[in-house]
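Q: Dropping the sequence and predicted coords here.
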Amino acid sequence: QVQLVESGGGLVQPGGSLRLSCAASGFAFGSYWMYWVRQAPGKGLERVSTINEDGGTTYYADSVKGRFTISRDNAKNTLDLQMNSLKPEDTALYYCSGAVCIDCPYDYWGQGTQVTVSS
């Protein structure tokens, strides 16, 4: 069956770094646009970053531009998010998700990994 399993979350001080990973299985990972989406406490979903099928095109929310980097390894079916210069407002549950095209509804979701930025 389809699985997206996130890992790498945790507690980090402001200014610190974390690297999130998402292991995908059960679908044609290399044919999907992939996303990192987050939900902060009491807030709606925010699409943090987007990457196309071959990794050649990426997009970032203004709130993370210059601090986060999305990448993928289609040979290993993995999606990563390198997060630097973390801020308290980055505290959220981070999900990886996939869709067949950039404007398509998400087809698959992971269970999420918690990131908490606090001193």
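A: Sure, I can see it. Numbers count the residues shown, from 1 in each chain.
Q: what's residue 102 in contact with, if anything?
A: Taking Cβ atoms under 8 Å, 6 or more residues apart in numbering, we find residue 102 in contact with 33, 50, 52. Yep, even glycine has a C-beta here, placed from its N, CA and C like the rest.
Q: now the residue nearest the centre of the chain: how far from residue 119?
A: Taking Cα atoms, centre = their mean, the centroid of the chain lies closest to residue 36, which sits 2.5 Å from it. Note on residue 36: its distance to residue 119, by Cβ to Cβ, to the nearest Å, is 24 Å.
Q: ok, now residue 42?
A: Taken as Cβ to Cβ, the span from residue 42 to residue 119 is 21 Å.
Q: ok so, going back, ok, and the most crowded of the contacts of residue 102?
A: residue 33 (20 neighbours; other Cβ atoms under 10 Å).
Q: If that residue is in a bridge, with which residues?
A: With DSSP bridges as the criterion, residue 33 is bridged to residue 99.
Q: all numbers from here: first residue = 31
A: Sure, I'll start numbering at 31, so the last one becomes residue 63.
Q: So which residues of this structure form strands?
A: For the chain, applying DSSP state E gives strands covering 33-37, 40-42, 48-55, 63-69, 75-81, 88-90, 98-103, 108-113, 122-129, 138-139, 143-147.
Q: check contacts around the residue nearest to the centre of the chain.
A: 50, 52, 77-79, 98, 100, 109, 111, 124-127.
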